[in-house]
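**Q** got a sequence here, can you model it:
(chains A and B)
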Amino acid sequence: NAGVTQTPKFQVLKTGQSMTLQCAQDMNHEYMSWYRQDPGMGLRLIHYSVGAGITDQGEVPNGYNVSRSTTEDFPLRLLSAAPSQTSVYFCASKRGNTGELFFGEGSRLTVL
Amino acid sequence: EDQVTQSPEALRLQEGESSSLNCSYTVSGLRGLFWYRQDPGKGPEFLFTLYSAGEEKEKERLKATLTKKESFLHITAPKPEDSATYLCAVPLRAAGNKLTFGGGTRVLVKP
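**A** Numbers count the residues shown, from 1 in each chain, chains lettered A, B, ... in the order given. Coordinates of the predicted model:
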């Protein structure tokens, strides 16, 4: 069972570069989300989606874009990377209004 | 403002030494409190959902309880494999689909 798959697992960027973190789930979950996790800050919600074609902002959306063209995929785009975006990024999905989020393994991003 | 606070930040236990972790919240009209476990280098893994004061859930050596202001995660006779970071989360009052997480408690169980 694949669950939630994130790629890449590690990435190093230079300031100003752009990139996309990929997230795919095979559980037919309507809800998908992106979190970032920083030491001392816990998990913070970046963007989320309650279904294909619907996205909304979380706590820390600035500098990130998302789109949801299919139920399975929810990519996170960094348009112009900044050192403050150095973090571990987690994609998570869930079914309906439950609180049971299924997380991916994470993507560790370093911006130099 | 909805807030979730966990204490302590870190906990070092000897194998077999029972202890409790605290998660306090300020969300009114709570619509569930969720506990997760996170191993180093991994994503969080769901453990429990609690919905009402007085409710308890158990899984192996873990028991979660809920009051009107806080939740406790009790670890009974822990083993080294219980070492992990434990996170609690609640839905935001204004948007039930947004979960806000506490900072977590890092638990280290030494043999």
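**Q** for residue A:53, which non-adjacent residue is closest in space?
**A** With CB to CB, 6 or more residues apart in numbering or on different chains as the criterion, residue A:53 has its nearest non-adjacent residue at 6.3 Å, and that residue is residue A:68. Just so you know, the C-beta spots here come from the backbone N, C-alpha and C atoms, and that holds for glycine as well.
**Q** how near is the one you found to chain B?
**A** Separation of residue A:68 from chain B (CB to the nearest CB, to the nearest Å): 14 Å.
**Q** isn't that residue right next to residue A:48, touching?
**A** No - counting by CB atoms under 8 Å, residue A:68 does not reach residue A:48; the two are 9.5 Å apart.
**Q** of those two, which one has the most company?
**A** Neighbour tally, residue A:68 and residue A:48, criterion other CB atoms under 10 Å in any protein chain shown: the higher count belongs to residue A:48, 26 against 20.
**Q** which ones are touching that one?
**A** Residue A:48 makes contact with A:31-34, A:55-56, A:58, B:97-98 under the criterion CB atoms under 8 Å, 6 or more residues apart in numbering or on different chains.
**Q** burial count for residue B:105?
**A** Neighbourhood size, residue B:105 [other CB under 10 Å]: 22.
**Q** which SS class is the nearest residue to it once chain neighbours are set aside?
**A** Closest residue to residue B:105 apart from its sequence neighbours, by CB to CB, 6+ apart: residue B:21 at 4.6 Å. Under DSSP: H, G, I helix; E, B strand; the rest coil, the three-state class of residue B:21 is strand.
**Q** check contacts around residue B:21.
**A** Residues near residue B:21 by CB under 8 Å, 6+ apart: B:6-8, B:11, B:72-75, B:86, B:105, B:107.
**Q** what's the pLDDT at the residue nearest the centre of chain A?
**A** In chain A, the centroid-proximal residue (CA atoms, centre = their mean) is residue A:34; its distance is 3.0 Å. What the model reports as pLDDT for residue A:34 is 97.
**Q** that one: what secondary structure?
**A** Following three-state DSSP, the label given to residue A:34 is strand.
**Q** show me the beta-bridge partners of it.
**A** Beta bridges link residue A:34 to residue A:47, residue A:91 when assigned by DSSP bridges.
**Q** got the contact list for it?
**A** By CB under 8 Å, 6+ apart, the residues touching residue A:34 are A:21, A:23, A:45-48, A:58, A:64, A:66, A:74, A:76, A:89-92.
**Q** and the residue of chain B closest to chain A?
**A** Closest contact between chain B and chain A, by CB to the nearest CB, is at residue B:43 (3.0 Å).
**Q** just checking, that residue touches residue A:93?
**A** No - counting by CB under 8 Å, residue B:43 stays clear of residue A:93, with 11.1 Å between them.
**Q** which residues are in contact with both of these two?
**A** Listed as contacting both residue B:43 and residue A:93 by CB under 8 Å, 6+ apart are residue A:4.
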